[in-house]
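Chemist: Here is a sequence with its predicted model. Questions after.
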Amino acid sequence: MKKIAITLFLILGSLTIQAQELTWQTDMNKAMEISKKSKKPLLLFFTGSDWCGWCIRLQKEVLKTPEFAKWAKENVVLVELDFPRRTPQQPEIQRQNQELQQTFGVQGYPTVWFVNATKKDGKINLEKLGSTGYVAGGPSVWLAGADQILGKKK
C-alpha cells in the first residue's frame with residue numbers, strides 16, 4: 001500500500017512539473033522565429049515580476065496553472081517583457097522591452113497583448129489582435145477572454 005501511495009505521489013508530482021514547464025521567451029527575435037515556424041500568435045506579457053502585486057497574482061492564478069499550460073502550448077508563443085526593480089537585466093533586453101512598452105502604449109501592469117508578428121526587409125511588423133490584463137475568476141475565465149481575442153470559438 002505504501003508503494004502505491006509513493007508511486008501515485010511521484011506520478012502526480014511529475015505531471016505537475018510537466019504542466020509548469022512552459023518556455024517564456026525574452027528575446028523578441030527568437031520568439032518571432034518560433035511564431036513563424038509554428039504559425040502561432042505571440043502572447044506578450046508585460047510584467048513587473050519582482051514588485052507588481054497584480055502581475056504576481058495573474059501568474060499564480062492563471063499563468064502557472066495546468067489549464068493555462070495546456071492552452072498555451074496549443075495556441076501561442078509566450079513572451080515575457082519584464083520591468084523588474086530589483087532583478088538585474090541585460091541592457092539589450094531592457095531596451096527591447098522599453099521599445100515594445102512604448103509601441104503598445106502600456107501604462108500599467110500586468111498587460112497582455114496578443115499579436116501576429118512578421119518581419120519584412122529587417123523591420124518587425126506587429127499586428128495587434130487585442131489585449132487583456134488581470135481578470136478575476138481563475139484560468140477558465142481568463143482563457144475564455146483570450147480565446148475571444150484570438151477569435152476561437154469554444
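Modeler: Sure thing, it's come through.
Chemist: Around Val112, how many other residues sit close by?
Modeler: Val112 has 25 neighbours, counted by other C-beta atoms under 10 Å. Bear in mind the C-beta positions are built from the backbone N, C-alpha and C, glycine included.
Chemist: Next, it: phi, psi?
Modeler: With angles defined as degrees, to the nearest 10, Val112 sits at phi -120, psi 120.
Chemist: Name whatever forms a beta bridge with it.
Modeler: Phe45, Thr132 (DSSP bridges).
Chemist: Surely it touches Gly130?
Modeler: No. Look at Val112 against Gly130 with C-beta atoms under 8 Å: they stay out of range, at 9.3 Å.
Chemist: Can you pull the poorly scored residue ranges out of the chain?
Modeler: 1-20, 153-154 (pLDDT under 70).
Chemist: Next, name the residue at the spatial heart of it.
Modeler: Centroid-nearest residue in the chain, with C-alpha atoms, centre = their mean: Leu78, separated by 4.2 Å.
Chemist: Not counting its neighbours along the chain, what's nearest Gln25?
Modeler: Leaving aside its chain neighbours, Gln25 sits nearest to Ala31 (3.9 Å; criterion: C-beta to C-beta, 6 or more residues apart in numbering).
Chemist: I'd assumed the one you found was in a helix, is it?
Modeler: Yes. The assignment for Ala31 by DSSP: H, G, I helix; E, B strand; the rest coil puts it in a helix.
Chemist: So for Ser35, what's the nearest residue that isn't a sequence neighbour?
Modeler: Val77 (4.6 Å).
Chemist: Could you check how many residues crowd around that neighbour?
Modeler: Val77 has 24 nearby residues by other C-beta under 10 Å.
Chemist: can I assume Gln107 sits in a strand?
Modeler: No. Remark: Gln107 does not belong to a strand; assigned using three-state DSSP, it is coil.
Chemist: Please report how far it lies from Phe46.
Modeler: Applying C-beta to C-beta, to the nearest Å, the value for Gln107 to Phe46 is 10 Å.
Chemist: Looking at these two, which has the bigger crowd around it?
Modeler: Phe46 (25 against 8).
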